[in-house]
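1. the following comprises the amino acid sequence and a computationally predicted model.
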Amino acid sequence: MLATSHRLADEINSLLIATLSRPYWARTVVEDYAGREPQRFAARSQRMRRVRGYARTFYKPLALTESELTQALNAYRP
């Protein structure tokens, strides 16, 4: 049962990655990080490095580029 659930979750994740746009995912990473770590997000000098690390840790299968994350950060409005 657990193996079946895990396999289904992997398939759903693959479909979401393929279906939703890369700019959408980059915005999601930025919004997610800003919501979870508001004090750390406020530190502008470290923001890009921290967002990259967050994306690498929690959104690794997406392999978002620095350029994609930078565009999302520049467009971010709380």
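-> Cool, got the structure. Numbering: from 1, shown residues only.
2. give me the pLDDT value at Ile12.
-> Looking at Ile12, its pLDDT reads 87.
3. can you tell me which residues contact it?
-> Not one residue lies near Ile12 by CB atoms under 8 Å, 6 or more residues apart in numbering. The way it works is simple: take the backbone N, C-alpha and C, and place the C-beta from them, glycine included.
4. and it, how far from Pro78?
-> Remark: distance between Ile12 and Pro78 (CB to CB, to the nearest Å) = 29 Å.
5. how far is the helix or strand hosting Ile12 from where the chain is centred?
-> Using DSSP states H and E, Ile12 sits in helix 2-19. Here the centre of helix 2-19 is set off from its chain's centre by 17 Å, with CA atoms, centre = their mean, to the nearest Å.
6. quick one: residues in contact with the next helix-or-strand element following it.
-> Per DSSP H and E, the first helix or strand lying C-terminal to helix 2-19 is helix 22-36. Here helix 22-36 makes contact (CB under 8 Å, 6+ apart) with 17, 41, 50-51, 54-55, 58-59, 62, 64, 68-69, 71-73, 75-76, 78.
7. then the helix holding Ile12 to PDB, C-alphas only?
-> The C-alpha coordinates for helix 2-19 follow below in PDB (Å, rounded to 0.1, in the frame of the first residue of the first chain):
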ATOM      1  CA  LEU A   2       2.700   2.500   0.900                       C
ATOM      2  CA  ALA A   3       4.700   1.700  -2.200                       C
ATOM      3  CA  THR A   4       1.600   2.300  -4.300                       C
ATOM      4  CA  SER A   5       0.900   5.600  -2.600                       C
ATOM      5  CA  HIS A   6       4.500   6.700  -3.100                       C
ATOM      6  CA  ARG A   7       4.400   5.800  -6.800                       C
ATOM      7  CA  LEU A   8       1.100   7.700  -7.300                       C
ATOM      8  CA  ALA A   9       2.600  10.700  -5.600                       C
ATOM      9  CA  ASP A  10       5.700  10.600  -7.900                       C
ATOM     10  CA  GLU A  11       3.400  10.400 -10.900                       C
ATOM     11  CA  ILE A  12       1.300  13.300  -9.800                       C
ATOM     12  CA  ASN A  13       4.400  15.400  -9.100                       C
ATOM     13  CA  SER A  14       5.800  14.600 -12.600                       C
ATOM     14  CA  LEU A  15       2.500  15.700 -14.200                       C
ATOM     15  CA  LEU A  16       2.400  18.900 -12.200                       C
ATOM     16  CA  ILE A  17       6.000  19.700 -13.200                       C
ATOM     17  CA  ALA A  18       5.200  19.100 -16.800                       C
ATOM     18  CA  THR A  19       1.900  21.000 -16.800                       C
END
